[in-house]
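In: Here's a sequence, model it:
(2 chains)
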Amino acid sequence: MALLAGLGGLAHLSAAEGNDATARRLLAQAVVSTGPAQQKLLAQLGDSGSPAVRDLLAAWTRDEILIYEAPDGSHVPVVLEEQQDAAGKARAVRIDNSQYLADAQHHELRFASGDLNAGDSDMRLRGAIQQALDSLTLADPDPDARRSAAVKLGNSQKKQYIPILQARRGREPDAAVRKAIDESLALLQLGDADAAVQVAAITRLAELQALGSVDALRRAVAASPDPRVKEAGRRAVQSIEQHISTVNFFGTIFRGISLGSILLVVALGLAITFGLMGIINMAHGEMIAVGAYTSYVVQNVFGSGFGFHITLPFSFGGQLLAFGFTLPGLNATGWWYESYFLFALPLSFLMAALAGLAVERSVIQFLYRRPLESLLATWGVSLVMQQLFRMVFGANNVQVNSPSWLLGHFSLDDVSFGYNRVFVIAFAIVIVLGTWLLLTKTPLGLLIRAVMQNRDMASCMGVRTQRVNMMTFAFGSGLAGLAGAFLSQIGNVGPSLGQNYIIDSFMVVVVGGVGSIVGTVCSAFGIGAADQVLQQVLGSPVMGKIIVLATIILFLQWKPGGLFSTRSRSLD
Amino acid sequence: MPNLNDTQIIRRGLLGRIPARLELIGVIAAALVVIVVLPSLNAFAPEGSAFHVSDFTINLYGKYLCYAVLAISVDLLWGYTGLLSLGQCLFFSIGGYALGMYLMLMIGKLGQYHSDLPDFMVFLGYPKLPAHWVPFHSFWFAAAAVIWVPGAVALIFGYLAFRSRIRGVYFSILTQALTYAASLMFFRNDFTFGGNNGLTDFKFIVGHDVRQPATQRGLYICTGLLLLGTYALCKWLTQSKFGKLQRAVRDSENRVLFSGYATANFKLFVFVVSAIIAALAGALYVPQVGIINPSEMTPDKSLEAVVWVAVGGRGTLIGPIIGAVFVNALKSWATRAYPDLWLIILGAMFIVVVLFLPGGIVSIPRRVMARWRRPEQPLPPLPTPPVEASADPAKTSPASSAS
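Out: Model prediction:
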């Protein structure tokens, strides 16, 4: 231990110098030395924290470090460059000073891979190299990499890692990584022959509520003859499993709420076009896709620009018909580029609202009295739009990068919350509130409700119903566009994006009760939560979905009008 | 009233009503050509002659005829009873799967793995044939399953739907959800129906090699006879008192209900009958096309079948046949000539038909004649502008609604 502490100090020094040069010299020395000296040098290397050495050590395990015997009899370890000349030979890079190997006349030497021998290695050496590699990974500047390295060492069941982990534990600045190291240490100590050490490790694991240690604990309990170990292990497993079910429970609830929010955002537009206006808008999904593609275009405009070109398979006067346009890029970087999403949100709303307006004026305005036929005509619209997406953006999914402030997640007591999911929930709340305010507190909302309740009567009172229809439909489509901007942050954006959500959206509106915003909110969260819970219980997303659909059909037996049906005396 | 406009259209005589005798002569002539002449030309005309009908053509027409039967089943529901079902392709596929199971078992040891089990079961590691597959060794059991399985599914779903008075667009949305759920289920590998790839690579049907032209010709004739039979059955149904009731339910279900008819049972009967018709079409489709997989039962396919009916002319029996053949022939041509534009053509065709030609293709001659005969009385403009009038069809005469 004392030796190790001394070495640790030394390594600290070399890491403080911050250059790879020392580490490379050590490595070169290690390759040519043997026995205990080699082991010692490797241990030192493990503490150097040098990324260059990590790659070289990895090369060593692959036997890619070769030994050049110089004319003066000294041995120089080298690696060959990947780039080979016509004769299949490559320049050699010295390990110790990263210069090209040259002879006395400063001519660079070239070798084929068979020209030089690899350094001898045996099991023991390989083990030592691996250990050095692992401790280098433990010193990685990225905390996540450190954490996964610690977890890997903990699961290795090799006791020689205990000192390495302990050394790192003392220097680790990050609390999460410290916890992972503690867990790994306890896991390794679990394999100790001494029952007292085992019991201490078990207690420690139980204290840490180490989620990943249940299997190891079970194995230890089964293997150990000592009753103290058995008793402590049983209690630890129990306590950890309880913790796991709590974590799963809250995780499922969170996922359910976030799925519910997505459904809500997606279905809210439909709740307006279908629920209030009675239009079966099968092109609703394509309005979502319009929003998603708008985000894509805005992202590209902030980046290197966007353009497309379509050639139609018809010719006119001997010339193929073609059209296209290009938007120049802003080539923004940094926070300016990251802020593209803030511009994408309103633009998605606007573009989808305009698309909705066009559809309303060209098709739907003739179909207010024929809902079944509005279903058919809008399906035609949806086919046309899907194909247009394919022609403009290609049949494959396009890449929409999330701004960095939507990436990542934070953990509360082992339950992880993705920022994008949290954002969706907050956003759903905002747009539901906004919609509710618009419908109940503004003059436009009053007109919308009047027209939707009784189009004829409103018309008699002097409301310009055509215009209100137009505005309402555009608003509903715009909401779908907003949903699309969101989905672009969560999943893939492709021509059939809308198709994946259209049936779910209709289900949400039907279950919620047509024409009721409150009902839509309730059913979106209900369906979202049910879906996630069933997924958790059945372990299969598809089965969960099927059962939800079947349950909805049965639910409508009980409440044919949905959760919050509007009561009226009319028959149909 | 969801179907107010249908009523108006029918009252104005815009749906294609072809004179009865003309229709009869046309049907007999077409049946002769399709069932007798084409197969004979395929079998007996020498390969190089101008009269020869190739095996490919027979196969292709066989497919169209299956689609025509499916279209009639959609029309029986939608055109005559006012129930727009987006789940007809589910029944079509169930029928196909039922016969497909029999065909799979008839492959025997000739599959890639030379096992008694169908190839996909070997591939997915089934130890033995699942129990519900065993009886499908018998053709007659499979043939019965083609009828009773979709019938039972339709009976259960229809009972639940009609009992709780789900109608109009809600019925459409629910049938769509049903189809969607079923297709998700069939896409799963552990549902024992081949998952994604479905059932394929058939070899024998009742002792005949499926891939032989003679067998295909037989199947084609069967399809032609099925179409003729379906047509005759539906003709008889829709012209009897039953047909009157159908139309009454479509136009004003509540009045029929208040007149003492159990409309729910009535609709259930129609739903089950049309499910069985669709399933029969599916069963004949599978050996001719050689594959059945879950993509046949997606909601989109059902909607496509509705397009055929709308394009041909709903509320007639000739219309769906014409529509199915016309749209599919157009599809065969367009997907080759303009692969990128096919969906746009289909979508645009649909929009145009819904907006400007609610009676479909079969209504064109009548519209033209009406214009030609009474130029002083132009047809009321179609599409009808949103009429701000009473929702009660009884009060809605053509004159008052054209406000």
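
In: ok, and what's touching stretch A:547-567?
Out: The contact list for stretch A:547-567 (C-beta atoms under 8 Å, 6 or more residues apart in numbering or on different chains) reads A:507, A:510-516, A:518-519, A:522-523, A:527, A:530-531, A:534, A:538, B:157, B:160-161, B:163-166, B:170, B:174, B:177-178, B:180-181. No exception for glycine: its C-beta is placed from N, CA and C like everyone else's.

In: In the stretch 101-250 of chain B, what residue spans correspond to helices?
Out: B:119-124, B:139-163, B:168-187, B:213-239, B:241-251 (DSSP state H, counting those that start in this stretch).

In: Let me know which of these is tucked in deepest.
Out: helix B:168-187 (a mean of 22; mean count of other C-beta atoms under 10 Å in any protein chain shown).

In: Confirm for me that A:Ile240 is in contact with A:Leu211.
Out: Yes: using C-beta atoms under 8 Å, A:Ile240 is in contact with A:Leu211, at 6.9 Å.

In: Looking at these two, which one has more neighbours?
Out: Legend: neighbour count by other C-beta atoms under 10 Å in any protein chain shown for A:Ile240 and A:Leu211, higher for A:Ile240 (20 against 14).

In: What pLDDT does the model give the more buried one?
Out: For A:Ile240, the model assigns a pLDDT of 84.

In: Then B:Ala337?
Out: B:Ala337 is assigned a pLDDT of 86 by the prediction.

In: how about the nearest residue in space to it that is not next to it in sequence, secondary structure?
Out: Take B:Ala337 and drop its neighbours on the chain: the residue closest to it by C-beta to C-beta, 6 or more residues apart in numbering or on different chains is A:Pro313, 7.7 Å away. Following DSSP: H, G, I helix; E, B strand; the rest coil, we place A:Pro313 in the strand state.

In: ok, A:Pro313 - how many residues close by?
Out: Neighbourhood size, A:Pro313 [other C-beta under 10 Å]: 11.

In: is it fair to say B:Ala370 lies in a helix?
Out: Yes: under three-state DSSP, B:Ala370 sits within a helix.

In: For stretch B:203-215, which outside residues touch it?
Out: With contact meaning C-beta under 8 Å, 6+ apart, stretch B:203-215 is reached by B:42-43, B:55, B:58, B:102-103, B:106-108, B:110, B:139, B:202, B:216, B:218-219, B:287, B:290.

In: which among those end up buried?
Out: Buried members of these, counted by 16 or more other C-beta atoms under 10 Å in any protein chain shown: B:42, B:58, B:102-103, B:106-107, B:139, B:202, B:216, B:218-219, B:287, B:290.

In: rewinding a little: ranking the helices of the stretch 101-250 of chain B by mean pLDDT, which is last?
Out: helix B:119-124 (a mean of 84).

In: Okay, domains of chain A per the record?
Out: Recorded structural domains for chain A (assignment: automatic domain parsing) are A:2-130, A:140-225, A:248-307+A:328-558.

In: could you pull out the helices for the stretch 401-550 of chain A?
Out: Under DSSP H, counting those that start in this stretch, the stretch 401-550 of chain A gives helices at A:419-441, A:443-453, A:455-460, A:465-490, A:499-512, A:517-538, A:541-558.

In: With mean neighbour count and mean pLDDT added, can I get these in TSV?
Out: As requested, those are exported to TSV (neighbours: other C-beta atoms under 10 Å in any protein chain shown; pLDDT from 0 to 100):
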stretch	mean neighbour count	mean pLDDT
helix A:419-441	16	89
helix A:443-453	17	87
helix A:455-460	16	87
helix A:465-490	25	90
helix A:499-512	25	87
helix A:517-538	21	88
helix A:541-558	16	84
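
In: distance between the helix or strand containing A:Ser261 and the chain's centre?
Out: Using DSSP states H and E, A:Ser261 maps to helix A:227-270. In terms of C-alpha atoms, centre = their mean, to the nearest Å, the centre of helix A:227-270 is found 19 Å from the chain centre.

In: Determine the angle, from 0 to 180 degrees, between that helix and helix A:465-490.
Out: For helix A:227-270 against helix A:465-490, the angle by axes from the mean of the first three to the mean of the last three C-alpha atoms, to 10 degrees is 150 degrees.

In: Contacts (any at all) between chain B and helix A:227-270?
Out: No: Helix A:227-270 is not in contact with chain B by C-beta under 8 Å from any C-beta of the partner chain; minimum separation 10.9 Å.

In: ok so, going back, would you convert the helices of the stretch 101-250 of chain B into CSV that also reports distance to A:Leu138?
Out: Output for the helices of the stretch 101-250 of chain B, formatted as CSV (distance: least, C-beta to C-beta, whole Å):
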stretch, distance to A:Leu138
helix B:119-124, 43
helix B:139-163, 60
helix B:168-187, 45
helix B:213-239, 69
helix B:241-251, 75
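
In: Against chain A, which of the contacts of stretch B:203-215 make the cut? List them.
Out: When C-beta under 8 Å from any C-beta is applied, no member of the contacts of stretch B:203-215 is adjacent to chain A.
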